[in-house]
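*Asks:* Got a predicted model here, sequence first, then my questions.
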Amino acid sequence: MEINREGYILGIESTAHTFSIGLADSNGYPLDSVSVAVRPLKGGIHPREAADHHAEKAADVLQKLLKSNKLESKNFAGVAFSQGPGLGPCLRIGASVARTISQKWDVPLIGVNHCVAHIEVGRKTCGCDDPVLLYVSGGNTQIIAKMDGRYRVLGETLDIGIGNMLDKFAREQGIPFPGGPKIESLAKEWIENNPESKLADYSLPYAVQGMDLAFSGVLNAACNLIKRGAPLGAVCWSIQEHTFAACVEVAERALAHTSKNELLLGGGVACNSRLRNMSEVMALERNAKSFVPERKFCVDNGSMIAVLGKLHLKHDDITDISNSSVLQYLRTDQTPILWT
Ligand code: ATP
Ligand code: FE2
């Protein structure tokens, strides 16, 4: 296949609850995605049900995106998709939509690493060069830095992702998925109305273990505080203060160890203003700079997949259909970084 490096890249995101198709322009800059998400009223995400939802919506999402951008197949130079990590049934829907488009439009197929996409969309839109990434989402919590041609994981959660912890705590309190934004607003309201509050009154376990983190103990302890009668807003505030400080502490140590001076946030929890603020304060204190992508590029979105697809395509790194099976357990450091 002749590789055309001009044109738009289509990006398909389907790792978990969100199905999204987005675009990168010929300069590799992300445009707005069209996204739909499953929002279970009770319990967590059921992978099979989420996959059925994605399959049902895929054609509509694609049509809407093409129509609103006045684009057609001939404008595209490739189609990228999240090959992993994620939930198998959900990933497989994204992969088969991408394979179909690649064949029908006769454009290269590009399987990409979802976690690396969170980094590259941040680098592209914030203009930072060689950051330490604090990647905080539902499924993942990692502190990452580029070394020897790979994004290396310097620290990560030993149990559940921070977003998953927030969502589970919220669900226990009857707050629907995703719980993070509601916890943020309850925490803000609490501390504005109760500025004298002391964290010691709502104390939670320390989430740092060396360069790693752990959140399931925090989840249990927070639920116990509620059972003992602590106000919901106070517990939301305490969860944020404790766990965000833990993440920022590990990120700070990563900056010190690697001698880098840029911090980049990514993942859905990076939408949180309190976390953004703590990161900025830490960076300022050590003469570093903190970068935060626009919220639409922090949450899972197809355009970040397209941004990474464009980088792979530039290096002729495309995916043969025989290598396009999904990789549920793909790790951040498994993907060689060919670009600068
Ligand atoms: P990944 O596959 O990378 O783990 P994900 O499937 O968890 O991603 P994201 O969209 O990156 O998807 O992140 C969703 C998470 O972000 C949810 O846990 C949600 O509660 C959390 N979140 C979203 N907004 C906020 C916010 N304002 N404050 C805290 N958490 C938030
Ligand atoms: Fe994500």
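*Replies:* All right, it came through fine. Ligands and ions are numbered 1, 2, ... in the order given.

*Asks:* which residue packs closest to residue 125, ignoring adjacent ones?
*Replies:* Leaving aside its sequence neighbours, residue 125 sits nearest to residue 293 (Cβ to Cβ, 6 or more residues apart in numbering; 5.2 Å). Using the backbone N, CA and C atoms, a C-beta is placed for each residue, glycine as well.

*Asks:* Give me the phi and psi for that neighbour.
*Replies:* Comment: the main-chain dihedrals of residue 293 come out as phi -70, psi 160, following degrees, to the nearest 10.

*Asks:* leaving aside the residues next to it on the chain, what's closest to residue 338?
*Replies:* Taking Cβ to Cβ, 6+ apart as the measure, residue 338 lies nearest to residue 315, with 4.3 Å between them; neighbours along the chain are not counted.

*Asks:* ok, that neighbour to residue 302 distance?
*Replies:* Taking Cβ to Cβ, to the nearest Å as the measure, residue 315 falls 21 Å from residue 302.

*Asks:* Which of those two has more residues huddled nearby?
*Replies:* The residue with more neighbours, out of residue 315 and residue 302, is residue 302; 33 against 11, by other Cβ atoms under 10 Å.

*Asks:* For the more buried one, which non-adjacent residue is spatially closest?
*Replies:* In space, not counting the residues next to it along the chain, residue 302 is nearest to residue 22; the distance is 3.1 Å by Cβ to Cβ, 6+ apart.

*Asks:* and that neighbour, which of the three is it?
*Replies:* Local secondary structure at residue 22 is given as strand here, using DSSP: H, G, I helix; E, B strand; the rest coil.

*Asks:* Show the contacting residues for it.
*Replies:* Each residue near residue 22 by Cβ atoms under 8 Å, 6 or more residues apart in numbering is listed here: 10-11, 13, 30-34, 65, 301-306.

*Asks:* can you give me the helices for the stretch 1-150 of the chain?
*Replies:* Applying DSSP state H, counting those that start in this stretch to the stretch 1-150 of the chain gives helices spanning 47-68, 88-105, 114-126.

*Asks:* Does ligand 1 have contacts with the second one?
*Replies:* No - no part of helix 88-105 sits close enough to ligand 1 to count as contact by Cβ under 6 Å from any ligand atom; the gap is at least 9.3 Å.

*Asks:* which secondary structure elements does that helix contact?
*Replies:* Contact analysis of helix 88-105 by 3 or more Cβ pairs under 8 Å, 6 or more residues apart in numbering; DSSP states H and E lists strand 8-13, strand 18-24, helix 47-68, strand 76-84, strand 109-113 as its packing neighbours.

*Asks:* Can you tell me which of these is most buried?
*Replies:* Each of the helices and strands packed on helix 88-105 was given a mean neighbour count from mean count of other Cβ atoms under 10 Å, and the largest, a mean of 29, is that of strand 8-13.

*Asks:* quick revisit: thought the residue nearest to residue 125 was touching residue 126?
*Replies:* Yes - applying Cβ atoms under 8 Å as the test, residue 293 and residue 126 come out as touching, 5.8 Å apart.

*Asks:* if we can go back for a sec, next, the contact list for the residue nearest to residue 125, please.
*Replies:* Counted by Cβ under 8 Å, 6+ apart, residue 293 has contacts 121-122, 125-126, 264-266, 270.

*Asks:* If any of those residues are buried, put those into a PyMOL selection.
*Replies:* With 16 or more other Cβ atoms under 10 Å as the criterion, this PyMOL line picks the buried residues out of the contacts of residue 293:
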select buried, resi 121+122+125+126+264+265+266+270
